[in-house]
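> Dropping a prediction and its sequence here:
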Amino acid sequence: MRSLPVHSEQGFTQLEIVTVLVIMGILGAIAAPSFLSWVNNRKLEVGLAELEGTLIEGQNQAIRLSKTCTINLPAGSSSVLSSSPTECLRNGNRTLESLQLRHSLSTPSLSFDFKGRVPPSLISEETVVLSIANEISTPSKCLVIAPGIGLIRVGTYTGSPTTALASNCKTST
């Protein structure tokens, strides 16, 4: 019976391994900024959806419970969205982790009456801006609350990082 020759030298050489690692490093260096930008944009989109959902839930609960519901919007980083009374947010408080919150509200809260309307003292559009904490290269997201029935629109904030103006909240079409 004939046997096939057995090669004892199997595997990759050091040069082949180093070459593959260098190529992977170059590809990683090219892809990293795009990936980090995508992660930051996704974090902002999730935070904006959380903020919008919290306000809509507070508005709906005010109608359902036939009472005034106040949603607290503290400015700063890693803000905790809460309500007064607490049953206005059925699932409890929400934390906007790693996100910076600023707004144009005169007080850090927004109330909805038993019909889901904002108070008459709110005579102009109010803006809430979300940005990544300590990050200026990622565009901020914004939410604008209209006076009266409290309609909400969301978009990308194009203004200064220190302001919160409704005219700078651009919705995509």
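Happy to help now that I have it. Numbering: from 1, shown residues only.

> Now the terminal residues of stretch 65-72, how far apart.
Stretch 65-72 has an end-to-end distance of 18 Å (Cα to Cα, to the nearest Å).

> Helices of the chain, start to end?
Residue ranges of the helices in the chain, as given by DSSP state H, are 14-65.

> for it, which spans come out with low pLDDT?
Regions of the chain meeting the criterion pLDDT under 70 cover residues 1, 3-9, 173.

> Which residue, other than its chain neighbours, is closest to Ile63?
With Cβ to Cβ, 6 or more residues apart in numbering as the criterion, Ile63 has its nearest non-adjacent residue at 4.5 Å, and that residue is Gly116. Quick note: C-beta positions are derived from backbone N, CA and C, even for glycine.

> and the one you found, what does it touch?
Gln59, Asn60, Ala62, Ile63, Ile149, Gly150 (Cβ atoms under 8 Å, 6 or more residues apart in numbering).

> Check Ser104 too.
Going by Cβ under 8 Å, 6+ apart, Ser104 touches Glu126, Thr127, Val128, Ala164, Leu165, Ala166.

> go on, Ser78?
For Ser78, the contacting residues are Thr95, Leu96, Glu97, Ser98, Leu99, Ala133, by Cβ under 8 Å, 6+ apart.

> Is the second one in contact with Leu51, as I believe?
This means Leu96. Yes - using Cβ atoms under 8 Å, Leu96 is in contact with Leu51, at 6.9 Å.

> overlap in contacts of those two?
With contacts taken as Cβ under 8 Å, 6+ apart, the residues that reach both Leu96 and Leu51 are Leu81, Leu130.

> Distance from the chain centre to stretch 41-59, please.
Distance, stretch centre to chain centre, for stretch 41-59: 7 Å (Cα atoms, centre = their mean, to the nearest Å).
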